[in-house]
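> just the structure for this:
(2 chains)
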Amino acid sequence: MENEFDSLTEAVRKGQRDKAKEIASRLLESENPADILNAILTAMAQIGVRFKAGEVFVPEVLVAARAMNSVLEVLEPVLVKSGLQPKHCVVIGTVFGDLHDIGKNLVAMMLRGANFKVVDLGVNVSADKFLSAAREHNADIVALSALLTTTMPSMKNIVDVFKKSGIQAKIIVGGAPVTQDFADKIGANGYSKDAASAADLCKRLVA
Amino acid sequence: MKFSVLCCDIFKDDIVLMSEKLENKPLQIESFKAESHLNPDKMRDVVCGKLSGFSKENDRILLIFGLCGNAALGLRSDDFELVIPRVHDCRGIFFGSSAAAMDFTRNNPRAFFASPGYISAGLLPSEELFKKTKSRYLSEYGKDSADILMEAFLGQFAAYDEVFYMQFHESENSKRACMECAKFMNWKFREICANNSLLSDALQMRIDSDRFFILPKGKTLKASYDEKIFNI
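Numbers count the residues shown, from 1 in each chain, chains lettered A, B, ... in the order given. Down below sits the predicted model:
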(Lines give C-alpha, C1' and ligand atoms only; values in the text may rest on other atoms or scores of the structure.)
Protein backbone atom coordinates (compact mmCIF):
# COMPACT_ATOMS: atom_id res chain seq x y z
CA MET A 1 0.00 0.00 0.00
CA GLU A 2 3.02 2.29 0.52
CA ASN A 3 3.30 2.61 -3.26
CA GLU A 4 -0.31 3.74 -3.46
CA PHE A 5 0.50 6.64 -1.08
CA ASP A 6 3.51 7.53 -3.22
CA SER A 7 1.31 7.35 -6.33
CA LEU A 8 -1.18 9.71 -4.68
CA THR A 9 1.59 12.17 -3.80
CA GLU A 10 2.89 12.02 -7.35
CA ALA A 11 -0.56 12.44 -8.91
CA VAL A 12 -1.27 15.54 -6.82
CA ARG A 13 2.17 16.98 -7.50
CA LYS A 14 1.63 16.52 -11.23
CA GLY A 15 -1.87 17.98 -11.08
CA GLN A 16 -3.58 14.76 -12.20
CA ARG A 17 -6.98 15.41 -10.62
CA ASP A 18 -8.91 12.33 -11.72
CA LYS A 19 -6.08 9.94 -10.98
CA ALA A 20 -5.47 11.53 -7.55
CA LYS A 21 -9.16 11.32 -6.65
CA GLU A 22 -9.35 7.71 -7.81
CA ILE A 23 -6.32 6.64 -5.73
CA ALA A 24 -7.59 8.54 -2.67
CA SER A 25 -11.03 6.89 -2.92
CA ARG A 26 -9.39 3.47 -3.13
CA LEU A 27 -7.12 4.19 -0.16
CA LEU A 28 -10.08 5.40 1.91
CA GLU A 29 -11.56 1.90 1.83
CA SER A 30 -8.80 0.49 4.00
CA GLU A 31 -6.40 3.18 5.16
CA ASN A 32 -6.26 5.83 7.86
CA PRO A 33 -7.53 9.15 6.41
CA ALA A 34 -4.75 10.98 8.29
CA ASP A 35 -2.17 9.09 6.21
CA ILE A 36 -4.00 10.04 3.01
CA LEU A 37 -4.04 13.68 4.09
CA ASN A 38 -0.34 13.41 4.83
CA ALA A 39 0.31 12.10 1.30
CA ILE A 40 -1.32 15.13 -0.31
CA LEU A 41 0.34 17.54 2.12
CA THR A 42 3.66 15.98 1.13
CA ALA A 43 2.85 16.68 -2.52
CA MET A 44 2.05 20.32 -1.81
CA ALA A 45 5.14 20.71 0.35
CA GLN A 46 7.26 19.28 -2.48
CA ILE A 47 5.75 21.59 -5.06
CA GLY A 48 6.12 24.53 -2.65
CA VAL A 49 9.84 23.85 -2.31
CA ARG A 50 10.24 23.59 -6.10
CA PHE A 51 8.26 26.81 -6.61
CA LYS A 52 10.43 28.71 -4.16
CA ALA A 53 13.52 27.37 -5.91
CA GLY A 54 12.19 28.64 -9.25
CA GLU A 55 11.96 25.11 -10.69
CA VAL A 56 8.18 25.31 -11.28
CA PHE A 57 5.86 28.30 -11.81
CA VAL A 58 2.33 29.46 -10.95
CA PRO A 59 0.52 27.19 -13.51
CA GLU A 60 2.14 24.06 -12.02
CA VAL A 61 1.22 25.13 -8.50
CA LEU A 62 -2.31 25.96 -9.62
CA VAL A 63 -2.96 22.57 -11.22
CA ALA A 64 -1.43 20.74 -8.24
CA ALA A 65 -3.59 22.77 -5.86
CA ARG A 66 -6.70 21.89 -7.90
CA ALA A 67 -5.76 18.20 -7.74
CA MET A 68 -5.30 18.53 -3.99
CA ASN A 69 -8.72 20.18 -3.72
CA SER A 70 -10.41 17.36 -5.58
CA VAL A 71 -8.88 14.85 -3.14
CA LEU A 72 -9.97 17.00 -0.20
CA GLU A 73 -13.55 16.85 -1.48
CA VAL A 74 -13.65 13.10 -0.87
CA LEU A 75 -11.44 13.21 2.19
CA GLU A 76 -13.01 16.03 4.21
CA PRO A 77 -16.24 14.25 5.25
CA VAL A 78 -14.20 11.29 6.48
CA LEU A 79 -11.72 13.52 8.29
CA VAL A 80 -14.57 15.32 10.04
CA LYS A 81 -16.14 12.02 11.11
CA SER A 82 -12.84 10.75 12.45
CA GLY A 83 -12.25 13.94 14.46
CA LEU A 84 -9.33 15.17 12.35
CA GLN A 85 -10.77 18.62 11.92
CA PRO A 86 -8.60 21.71 11.39
CA LYS A 87 -7.54 23.35 14.64
CA HIS A 88 -6.94 26.81 13.25
CA CYS A 89 -9.00 29.18 11.14
CA VAL A 90 -7.87 31.68 8.50
CA VAL A 91 -10.23 34.35 7.14
CA ILE A 92 -9.02 35.38 3.70
CA GLY A 93 -10.06 37.93 1.09
CA THR A 94 -8.96 40.45 -1.52
CA VAL A 95 -9.15 43.93 -0.05
CA PHE A 96 -11.68 46.64 -0.82
CA GLY A 97 -11.34 48.15 -4.30
CA ASP A 98 -9.54 45.11 -5.73
CA LEU A 99 -11.36 42.47 -7.78
CA HIS A 100 -8.44 40.10 -8.43
CA ASP A 101 -8.61 36.65 -6.95
CA ILE A 102 -6.20 34.19 -8.59
CA GLY A 103 -3.45 34.66 -5.99
CA LYS A 104 -5.93 34.73 -3.12
CA ASN A 105 -7.58 31.51 -4.33
CA LEU A 106 -4.22 29.82 -4.60
CA VAL A 107 -3.30 30.80 -1.04
CA ALA A 108 -6.71 29.53 0.18
CA MET A 109 -6.12 26.18 -1.50
CA MET A 110 -2.62 25.87 -0.05
CA LEU A 111 -3.98 26.67 3.41
CA ARG A 112 -6.73 24.05 3.11
CA GLY A 113 -4.04 21.60 2.05
CA ALA A 114 -2.08 22.54 5.17
CA ASN A 115 -5.16 21.60 7.24
CA PHE A 116 -6.42 25.09 8.08
CA LYS A 117 -10.12 25.92 8.13
CA VAL A 118 -10.39 28.63 5.47
CA VAL A 119 -13.19 31.19 5.32
CA ASP A 120 -12.94 32.85 1.92
CA LEU A 121 -14.70 36.22 1.78
CA GLY A 122 -14.02 36.73 -1.93
CA VAL A 123 -12.96 40.01 -3.49
CA ASN A 124 -13.55 43.71 -2.77
CA VAL A 125 -13.86 42.99 0.96
CA SER A 126 -14.30 45.88 3.39
CA ALA A 127 -12.63 46.18 6.79
CA ASP A 128 -16.00 45.70 8.50
CA LYS A 129 -16.60 42.45 6.64
CA PHE A 130 -13.16 41.13 7.63
CA LEU A 131 -13.85 42.14 11.20
CA SER A 132 -17.24 40.48 11.51
CA ALA A 133 -15.98 37.27 9.82
CA ALA A 134 -12.98 37.15 12.16
CA ARG A 135 -15.33 37.48 15.13
CA GLU A 136 -17.87 34.97 13.83
CA HIS A 137 -15.29 32.27 13.05
CA ASN A 138 -12.91 33.10 15.88
CA ALA A 139 -10.14 33.44 13.33
CA ASP A 140 -6.52 32.89 14.29
CA ILE A 141 -5.29 34.65 11.15
CA VAL A 142 -6.73 37.17 8.72
CA ALA A 143 -5.06 37.06 5.29
CA LEU A 144 -5.30 40.13 3.05
CA SER A 145 -4.55 40.04 -0.66
CA ALA A 146 -4.07 42.91 -3.16
CA LEU A 147 -2.88 42.92 -6.74
CA LEU A 148 -2.95 46.67 -7.29
CA THR A 149 -0.72 49.26 -5.68
CA THR A 150 -3.81 51.49 -5.63
CA THR A 151 -5.58 49.14 -3.22
CA MET A 152 -2.67 48.57 -0.85
CA PRO A 153 -3.83 51.47 1.41
CA SER A 154 -6.94 49.35 2.15
CA MET A 155 -4.61 46.92 3.93
CA LYS A 156 -3.42 49.63 6.29
CA ASN A 157 -7.02 50.62 6.99
CA ILE A 158 -7.91 47.00 7.85
CA VAL A 159 -4.88 46.62 10.16
CA ASP A 160 -5.87 49.87 11.94
CA VAL A 161 -9.50 48.74 12.29
CA PHE A 162 -8.42 45.39 13.79
CA LYS A 163 -6.03 47.09 16.23
CA LYS A 164 -8.82 49.35 17.46
CA SER A 165 -11.24 46.43 17.75
CA GLY A 166 -9.04 44.49 20.13
CA ILE A 167 -9.44 41.27 18.13
CA GLN A 168 -6.37 39.10 18.61
CA ALA A 169 -6.24 37.55 15.13
CA LYS A 170 -2.91 37.98 13.41
CA ILE A 171 -2.99 39.82 10.09
CA ILE A 172 -0.87 38.73 7.15
CA VAL A 173 -0.57 40.47 3.78
CA GLY A 174 0.45 39.40 0.31
CA GLY A 175 -0.01 40.00 -3.39
CA ALA A 176 2.24 40.97 -6.27
CA PRO A 177 3.05 44.57 -5.25
CA VAL A 178 3.16 43.96 -1.49
CA THR A 179 6.56 43.87 0.18
CA GLN A 180 7.96 43.06 3.64
CA ASP A 181 8.81 46.75 3.93
CA PHE A 182 5.17 47.69 3.36
CA ALA A 183 3.94 45.00 5.77
CA ASP A 184 6.25 46.36 8.49
CA LYS A 185 5.17 49.91 7.78
CA ILE A 186 1.45 49.19 8.23
CA GLY A 187 2.00 46.95 11.28
CA ALA A 188 0.92 43.63 9.77
CA ASN A 189 1.99 40.48 11.64
CA GLY A 190 3.36 38.78 8.57
CA TYR A 191 4.09 38.97 4.87
CA SER A 192 4.34 36.22 2.35
CA LYS A 193 5.87 36.44 -1.11
CA ASP A 194 3.92 33.49 -2.54
CA ALA A 195 1.21 30.93 -1.79
CA ALA A 196 3.56 28.21 -0.58
CA SER A 197 5.27 30.59 1.83
CA ALA A 198 1.85 31.79 3.04
CA ALA A 199 1.03 28.30 4.30
CA ASP A 200 4.43 28.11 6.07
CA LEU A 201 3.87 31.56 7.56
CA CYS A 202 0.45 30.59 8.94
CA LYS A 203 1.87 27.42 10.47
CA ARG A 204 4.56 29.49 12.22
CA LEU A 205 2.06 32.06 13.45
CA VAL A 206 -0.18 29.47 15.13
CA ALA A 207 2.65 27.29 16.47
CA MET B 1 17.27 71.08 -21.64
CA LYS B 2 18.09 67.98 -23.63
CA PHE B 3 15.92 65.01 -22.88
CA SER B 4 14.79 61.63 -24.18
CA VAL B 5 11.71 59.55 -23.45
CA LEU B 6 11.46 55.99 -22.22
CA CYS B 7 7.88 54.75 -22.28
CA CYS B 8 5.65 51.71 -22.18
CA ASP B 9 4.80 50.96 -25.81
CA ILE B 10 1.10 51.66 -25.23
CA PHE B 11 2.04 55.38 -25.17
CA LYS B 12 4.62 55.39 -27.95
CA ASP B 13 2.32 56.47 -30.81
CA ASP B 14 0.77 59.20 -28.67
CA ILE B 15 4.22 60.48 -27.69
CA VAL B 16 5.50 60.43 -31.26
CA LEU B 17 2.43 62.37 -32.43
CA MET B 18 2.70 64.93 -29.61
CA SER B 19 6.46 65.33 -30.04
CA GLU B 20 6.08 66.35 -33.66
CA LYS B 21 4.55 69.62 -32.46
CA LEU B 22 7.22 70.37 -29.86
CA GLU B 23 9.89 73.02 -30.30
CA ASN B 24 12.23 71.19 -27.94
CA LYS B 25 11.86 67.67 -29.26
CA PRO B 26 13.15 64.64 -27.38
CA LEU B 27 16.50 63.40 -28.68
CA GLN B 28 15.25 59.83 -28.62
CA ILE B 29 12.00 57.96 -27.89
CA GLU B 30 12.52 54.43 -26.64
CA SER B 31 9.83 52.00 -25.56
CA PHE B 32 9.45 48.58 -24.01
CA LYS B 33 6.70 46.03 -24.47
CA ALA B 34 3.58 46.40 -22.34
CA GLU B 35 3.65 42.67 -21.64
CA SER B 36 6.76 43.28 -19.49
CA HIS B 37 4.25 44.35 -16.83
CA LEU B 38 3.39 40.68 -16.28
CA ASN B 39 6.68 40.34 -14.45
CA PRO B 40 7.66 43.57 -12.64
CA ASP B 41 11.17 42.32 -11.88
CA LYS B 42 11.70 41.61 -15.56
CA MET B 43 10.24 45.01 -16.50
CA ARG B 44 12.73 46.70 -14.13
CA ASP B 45 15.61 44.86 -15.85
CA VAL B 46 14.31 45.91 -19.28
CA VAL B 47 14.01 49.55 -18.17
CA CYS B 48 17.51 49.52 -16.62
CA GLY B 49 18.92 48.08 -19.83
CA LYS B 50 17.22 50.77 -21.91
CA LEU B 51 18.40 53.54 -19.55
CA SER B 52 22.01 52.51 -19.96
CA GLY B 53 21.65 52.84 -23.74
CA PHE B 54 20.72 56.55 -23.84
CA SER B 55 23.21 59.12 -25.12
CA LYS B 56 25.12 60.98 -22.38
CA GLU B 57 24.09 64.15 -24.21
CA ASN B 58 20.75 63.98 -22.36
CA ASP B 59 20.17 65.97 -19.18
CA ARG B 60 16.99 64.13 -18.30
CA ILE B 61 15.16 60.97 -19.22
CA LEU B 62 11.41 61.24 -19.06
CA LEU B 63 9.84 57.97 -17.94
CA ILE B 64 6.28 57.53 -19.18
CA PHE B 65 4.96 54.80 -16.96
CA GLY B 66 4.11 54.57 -13.27
CA LEU B 67 4.79 52.46 -10.23
CA CYS B 68 3.43 49.54 -12.29
CA GLY B 69 3.31 46.78 -9.67
CA ASN B 70 6.54 48.11 -8.11
CA ALA B 71 8.49 47.64 -11.36
CA ALA B 72 9.71 51.23 -11.07
CA LEU B 73 11.18 50.72 -7.61
CA GLY B 74 14.94 50.42 -7.54
CA LEU B 75 15.51 52.46 -10.69
CA ARG B 76 18.54 54.75 -10.70
CA SER B 77 20.89 56.44 -13.11
CA ASP B 78 24.32 57.91 -12.54
CA ASP B 79 24.16 59.78 -15.84
CA PHE B 80 20.77 61.51 -16.00
CA GLU B 81 17.99 62.92 -13.86
CA LEU B 82 14.97 60.67 -14.20
CA VAL B 83 11.49 62.18 -14.28
CA ILE B 84 8.50 59.95 -13.58
CA PRO B 85 4.83 60.91 -13.18
CA ARG B 86 3.37 60.28 -9.73
CA VAL B 87 0.95 57.60 -10.96
CA HIS B 88 0.33 53.98 -10.06
CA ASP B 89 -0.16 52.82 -13.63
CA CYS B 90 -1.27 53.86 -17.13
CA ARG B 91 -4.71 54.86 -15.85
CA GLY B 92 -3.13 57.82 -14.06
CA ILE B 93 -1.57 58.94 -17.34
CA PHE B 94 -4.85 58.42 -19.23
CA PHE B 95 -6.76 60.49 -16.67
CA GLY B 96 -4.13 63.18 -16.12
CA SER B 97 -3.50 62.26 -12.48
CA SER B 98 -3.53 59.33 -10.12
CA ALA B 99 -6.31 60.91 -8.05
CA ALA B 100 -8.56 61.31 -11.10
CA ALA B 101 -7.91 57.72 -12.15
CA MET B 102 -8.72 56.40 -8.68
CA ASP B 103 -11.91 58.46 -8.50
CA PHE B 104 -13.02 57.07 -11.83
CA THR B 105 -12.17 53.50 -10.83
CA ARG B 106 -14.10 53.86 -7.57
CA ASN B 107 -17.15 54.98 -9.53
CA ASN B 108 -16.72 52.37 -12.28
CA PRO B 109 -15.19 49.36 -10.52
CA ARG B 110 -16.15 46.89 -13.26
CA ALA B 111 -14.66 48.86 -16.14
CA PHE B 112 -11.93 47.50 -18.41
CA PHE B 113 -9.85 50.13 -20.23
CA ALA B 114 -8.41 50.24 -23.71
CA SER B 115 -6.58 52.96 -25.60
CA PRO B 116 -5.30 52.76 -29.19
CA GLY B 117 -1.83 51.91 -27.84
CA TYR B 118 -3.23 49.26 -25.53
CA ILE B 119 -5.08 47.69 -28.44
CA SER B 120 -2.00 47.79 -30.71
CA ALA B 121 -0.05 45.98 -27.98
CA GLY B 122 -2.53 43.07 -28.27
CA LEU B 123 -3.82 43.38 -24.72
CA LEU B 124 -7.52 43.49 -25.53
CA PRO B 125 -9.40 40.24 -24.85
CA SER B 126 -10.43 38.69 -28.14
CA GLU B 127 -11.27 35.34 -29.68
CA GLU B 128 -7.78 35.28 -31.18
CA LEU B 129 -6.09 35.94 -27.82
CA PHE B 130 -8.16 33.21 -26.14
CA LYS B 131 -7.35 30.69 -28.88
CA LYS B 132 -3.65 31.52 -28.74
CA THR B 133 -3.60 31.18 -24.96
CA LYS B 134 -5.48 27.86 -25.01
CA SER B 135 -3.17 26.50 -27.64
CA ARG B 136 -0.10 27.46 -25.58
CA TYR B 137 -1.50 25.84 -22.43
CA LEU B 138 -2.41 22.67 -24.35
CA SER B 139 1.05 22.28 -25.79
CA GLU B 140 2.84 23.10 -22.53
CA TYR B 141 0.61 21.42 -19.92
CA GLY B 142 -1.77 18.92 -21.59
CA LYS B 143 -5.56 18.98 -21.80
CA ASP B 144 -6.58 18.47 -18.16
CA SER B 145 -4.26 21.19 -16.87
CA ALA B 146 -4.99 23.46 -19.84
CA ASP B 147 -8.67 23.51 -18.86
CA ILE B 148 -7.83 24.59 -15.32
CA LEU B 149 -5.38 27.21 -16.53
CA MET B 150 -7.90 28.58 -19.05
CA GLU B 151 -10.46 28.82 -16.27
CA ALA B 152 -7.99 30.94 -14.28
CA PHE B 153 -7.08 32.99 -17.37
CA LEU B 154 -10.73 33.74 -18.18
CA GLY B 155 -11.39 34.42 -14.51
CA GLN B 156 -9.28 37.59 -14.71
CA PHE B 157 -11.90 39.11 -17.04
CA ALA B 158 -14.91 38.01 -15.00
CA ALA B 159 -14.80 41.11 -12.82
CA TYR B 160 -15.57 43.41 -15.76
CA ASP B 161 -18.88 44.18 -17.40
CA GLU B 162 -17.99 47.21 -19.53
CA VAL B 163 -15.09 48.46 -21.60
CA PHE B 164 -14.09 52.11 -21.79
CA TYR B 165 -12.39 53.16 -25.00
CA MET B 166 -9.93 55.88 -24.00
CA GLN B 167 -9.44 58.16 -26.95
CA PHE B 168 -5.87 59.42 -26.60
CA HIS B 169 -5.53 60.06 -30.32
CA GLU B 170 -8.04 59.36 -33.07
CA SER B 171 -7.98 55.83 -34.45
CA GLU B 172 -11.11 54.43 -36.02
CA ASN B 173 -9.54 50.96 -36.30
CA SER B 174 -8.83 50.88 -32.58
CA LYS B 175 -12.31 52.03 -31.73
CA ARG B 176 -13.78 49.32 -33.95
CA ALA B 177 -11.56 46.68 -32.32
CA CYS B 178 -12.76 47.85 -28.92
CA MET B 179 -16.40 47.63 -29.99
CA GLU B 180 -15.79 44.09 -31.28
CA CYS B 181 -14.18 43.19 -27.96
CA ALA B 182 -17.26 44.51 -26.11
CA LYS B 183 -19.48 42.35 -28.29
CA PHE B 184 -17.30 39.26 -27.87
CA MET B 185 -17.06 39.66 -24.09
CA ASN B 186 -20.68 40.72 -23.73
CA TRP B 187 -19.56 43.98 -22.13
CA LYS B 188 -21.12 47.38 -22.49
CA PHE B 189 -19.08 49.62 -24.81
CA ARG B 190 -18.36 53.11 -23.55
CA GLU B 191 -16.14 55.86 -24.81
CA ILE B 192 -14.25 58.53 -22.94
CA CYS B 193 -11.78 61.23 -23.97
CA ALA B 194 -8.47 60.87 -22.20
CA ASN B 195 -6.99 63.84 -20.37
CA ASN B 196 -3.62 64.19 -22.03
CA SER B 197 -2.43 67.12 -19.90
CA LEU B 198 0.01 65.07 -17.83
CA LEU B 199 1.66 63.58 -20.88
CA SER B 200 1.60 66.84 -22.81
CA ASP B 201 3.10 68.83 -19.91
CA ALA B 202 5.76 66.17 -19.37
CA LEU B 203 6.86 66.40 -22.99
CA GLN B 204 6.98 70.20 -22.75
CA MET B 205 9.12 69.87 -19.61
CA ARG B 206 6.46 71.54 -17.48
CA ILE B 207 7.56 69.47 -14.55
CA ASP B 208 6.19 70.31 -11.11
CA SER B 209 6.81 68.30 -7.97
CA ASP B 210 3.10 67.72 -7.29
CA ARG B 211 2.58 65.67 -10.42
CA PHE B 212 6.11 64.41 -11.14
CA PHE B 213 8.96 62.97 -9.17
CA ILE B 214 12.46 64.04 -10.17
CA LEU B 215 15.05 61.43 -9.24
CA PRO B 216 18.49 63.01 -8.94
CA LYS B 217 21.50 61.26 -10.46
CA GLY B 218 22.89 58.49 -8.29
CA LYS B 219 19.74 58.14 -6.17
CA THR B 220 17.45 55.10 -6.07
CA LEU B 221 13.70 55.31 -6.57
CA LYS B 222 11.65 54.08 -3.61
CA ALA B 223 7.96 53.84 -2.74
CA SER B 224 6.44 56.38 -0.37
CA TYR B 225 3.32 54.23 0.21
CA ASP B 226 1.14 57.33 0.16
CA GLU B 227 -0.47 59.60 -2.45
CA LYS B 228 2.97 60.91 -3.46
CA ILE B 229 3.79 57.36 -4.63
CA PHE B 230 7.57 57.91 -5.02
CA ASN B 231 10.36 58.81 -2.67
CA ILE B 232 14.12 58.38 -2.31
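
> switch to C-alpha atoms for all contacts and neighbour counts from now on
OK.

> any idea which residue sits dead centre in the chain?
Just going to use chain A. By CA atoms, centre = their mean, chain A has its centre lying nearest to A:Leu111, at 2.4 Å.

> nope, chain B please
Residue closest to the average C-alpha location in chain B (CA atoms, centre = their mean): B:Cys90, at 3.9 Å.

> re the thing from before, what's whatever helix or strand the residue nearest to the centre of chain A lives in in contact with?
Using DSSP states H and E, A:Leu111 falls within helix A:102-113. Contacts of helix A:102-113 with the rest of the structure, by CA atoms under 8 Å, 6 or more residues apart in numbering or on different chains, involve A:40-41, A:44, A:62, A:65-66, A:68-69, A:72, A:92-94, A:117-118, A:120, A:145, A:175, A:194-196, A:198-199, B:152, B:155-156.

> swap the cut-off to 7 Å and go again
Applying CA atoms under 7 Å, 6 or more residues apart in numbering or on different chains, the external contacts of helix A:102-113 come out as A:41, A:62, A:65, A:68-69, A:93-94, A:118, A:145, A:175, A:195-196, A:198-199, B:152.

> stretch A:81-96 now?
Residues contacting stretch A:81-96 (CA under 7 Å, 6+ apart): A:79, A:100-101, A:104, A:115-126, A:133-134, A:139-146, A:154-155.

> end-to-end on that stretch?
Taking CA to CA, to the nearest Å, stretch A:81-96 runs 37 Å from one end to the other.

> now, of the contacts of stretch A:81-96, which are buried?
A:79, A:100-101, A:104, A:115-121, A:123-126, A:133-134, A:139-146, A:154-155 (16 or more other CA atoms under 10 Å in any protein chain shown).

> name the nearest residue to B:Ser52, ignoring sequence neighbours.
The shortest distance from B:Ser52 to any non-neighbouring residue, by CA to CA, 6 or more residues apart in numbering or on different chains, is to B:Ser77 (8.0 Å).

> next one: A:Ala199
Counting by CA to CA, 6+ apart, the nearest residue to A:Ala199 once its immediate chain neighbours are dropped is A:Leu111, at 5.3 Å.

> okay, and which of the contacts of stretch A:81-96 map to strands?
Taking DSSP state E, the ones among those that sit in strands are A:Lys117, A:Val118, A:Val119, A:Asp120, A:Ile141, A:Val142, A:Ala143, A:Leu144, A:Ser145.

> could you list the domains of the chain?
Here I'm looking at chain A. A:2-81, A:89-206 (automatic domain parsing).

> try again with chain B
Taking automatic domain parsing as the reference, chain B has its domains at B:3-89+B:196-231, B:97-193.

> including distance to A:Gly15 and mean pLDDT, could those go into JSON lines?
Below are the domains of chain B laid out as JSON lines (distance: least, CA to CA, whole Å; pLDDT from 0 to 100):
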{"stretch": "domain B:3-89+B:196-231", "distance to A:Gly15": "24", "mean pLDDT": "95"}
{"stretch": "domain B:97-193", "distance to A:Gly15": "7", "mean pLDDT": "90"}
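
> turn these into TSV, including distance to A:Ala24 and mean neighbour count.
Output for those, formatted as TSV (distance: least, CA to CA, whole Å; neighbours: other CA atoms under 10 Å in any protein chain shown):
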stretch	distance to A:Ala24	mean neighbour count
domain B:3-89+B:196-231	37	18
domain B:97-193	18	17
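
> dump those to JSON lines, plus distance to A:Val56.
Below are those laid out as JSON lines (distance: least, CA to CA, whole Å):
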{"stretch": "domain B:3-89+B:196-231", "distance to A:Val56": "15"}
{"stretch": "domain B:97-193", "distance to A:Val56": "12"}
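
> near chain A, which residues of chain B?
Taking CA under 7 Å from any CA of the partner chain as the contact definition, chain B meets chain A at B:Gly69, B:Asn70, B:His88, B:Ser145, B:Ile148, B:Leu149, B:Ala152, B:Gln156, B:Ala159.

> what does the pLDDT read for A:Gly83?
pLDDT recorded at A:Gly83 is 69.

> over to A:Asn115?
84.

> buried residues in stretch A:5-25, which are they?
Neighbour-count burial for stretch A:5-25 [16+ other CA under 10 Å]: A:5, A:7-17, A:19-21, A:23-24.

> what residues does it touch?
Residues from elsewhere that reach stretch A:5-25 (CA under 7 Å, 6+ apart): A:36, A:39-40, A:42-44, A:47, A:63-64, A:66-68, A:70-71.

> mind listing what the residue of chain B found nearest chain A touches?
Relative to chain A, the nearest point of chain B is B:Gly69 (4.9 Å; CA to the nearest CA). By CA under 7 Å, 6+ apart, the residues touching B:Gly69 are A:Leu148, A:Thr149, A:Ala176, A:Pro177, B:Pro40.
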